[in-house]
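*Asks:* Sequence and predicted structure, then a few things I'm wondering about:
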Amino acid sequence: MSILITGGTGFVGAELARTLVGRGEEVVLFDVAPNYARISDIQDKVKVVTGNLAYWAEVLNVVQENNTKGIIHLGSMLSVPSNANPWASFQVNVVGTMNILEAARLLGVGKVVFSSTLATFGLDCPPVVTDTTIQRPITMYGCGKLYCECLGRFYNSRFGLDFRSVRYPAVIGPGVRTPGVAQWNAWMIEYPVLGRPFDCYVEEDTKCPILYFKDAALSTDLIYQAPRERIKTMNYNVAGVVPTRTAKEIEQVVKEHVPEARISYNPDQKVMDYFRAARTEVFDDSRAREEWGWQAEYPDFQKVVADFIEEIRVHPDRYGIVQEN
């Protein structure tokens, strides 16, 4: 029987696929635009299916045709594209998740893991965010993800579907090109390593909780494997780097590794409006730790930067990275 990963050749999906393949799982990757470079090392060990989450028939078919025992639902439109095209975002993120849940219900899939986000919190968000903090998102992306958290909870109570989810903070790693309000965290590392200047679009004292992409994959795998009786909260915060660093502090760590880094600041006021509304400094993940043993492998930013740089140098093709001369 197979495990289906939606968004399976994406940022987190490809890393998770490596983990599952390494454990001997049969893995199917469903993606609207498969990125084969990201999975070049395991391409002959997985099945890739091109498809759109918004199309019910495509979702139903991929679940039915692959003897699916579990679904890890990572596929979605991200924050900036969702705000730019909220209509498409609704179809992919909300209708797409409904399609996944319905396929799981109708075909008897044993388990669904959903990737949610810190962006489900937002308006007047306190500095410390727990799993019980009021969720009032201020982006289309956050709105859709919150609805899907609630939808999964309903499918659990109404139909007995084993649904569980992890809320990522800003996920960082090499090679991500989709714009986002928190993408500066990754680009502040990647650009200097590639010899490029980086004009940071937030203020120096801006803080944003971050999670290294390898830890995002790890948390998703851990919650997938957790015994059902330990899943009580159902939708969980997962924290990464602790404590949360300011942009200036991140710059200083980067310059320890790349002394010649050229980093400047030119704040985008729309982005800053977001961070002024969502003032999160601590993403409390105590329930994930207590209920299913979550613990980040990259809680130290020095370790994140060192591994990030190593990934760029060892696997540039995997991340679509071209070194400038």
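*Replies:* Nice, I can see it.

*Asks:* Would you state the helices of the stretch 201-325 of the chain in chain order?
*Replies:* With DSSP state H, counting those that start in this stretch as the criterion, the stretch 201-325 of the chain has helices at 213-225, 247-257, 269-277, 286-292, 301-314.

*Asks:* Tabulate those (a markdown table), appending distance to Ile134.
*Replies:* Quick note: C-beta positions are derived from backbone N, CA and C, even for glycine. Below are these laid out as a markdown table (distance: least, C-beta to C-beta, whole Å):
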| stretch | distance to Ile134 |
| --- | --- |
| helix 213-225 | 23 |
| helix 247-257 | 27 |
| helix 269-277 | 13 |
| helix 286-292 | 16 |
| helix 301-314 | 29 |
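
*Asks:* residue ranges with poor pLDDT in the stretch 151-300 of the chain?
*Replies:* Residues of the stretch 151-300 of the chain meeting the criterion pLDDT under 70: none.

*Asks:* Look up how far Val254 lies from the nearest residue in space to Phe213 that is not next to it in sequence.
*Replies:* Nearest residue to Phe213, sequence neighbours excluded (C-beta to C-beta, 6 or more residues apart in numbering): Gly173, at 3.3 Å. Gly173 sits 15 Å away from Val254, going by C-beta to C-beta, to the nearest Å.

*Asks:* I'd say the residue nearest to Phe213 and Asp307 touch.
*Replies:* No - Gly173 is beyond contact range of Asp307, at 9.1 Å (criterion: C-beta atoms under 8 Å).

*Asks:* more crowded one of these two?
*Replies:* Gly173 (25 against 17; other C-beta atoms under 10 Å).

*Asks:* tell me the phi and psi of that one?
*Replies:* phi 170, psi 180 (degrees, to the nearest 10).

*Asks:* For it, give me its contacts.
*Replies:* Phe11, Ala186, Tyr212, Phe213, Lys214, Phe308, Glu311, Tyr319 (C-beta atoms under 8 Å, 6 or more residues apart in numbering).

*Asks:* Between the residues you listed, which sits nearest Pro259?
*Replies:* Closest approach to Pro259 among these (C-beta to C-beta): Phe308, at 16.5 Å.

*Asks:* Could you check which helix or strand contains the nearest residue to the closest one once chain neighbours are set aside?
*Replies:* For Phe308, ignoring the flanking residues on the chain, the nearest one in space by C-beta to C-beta, 6+ apart is Ile189 at 5.1 Å. Here Ile189, judged by DSSP states H and E, is contained in helix 184-193.
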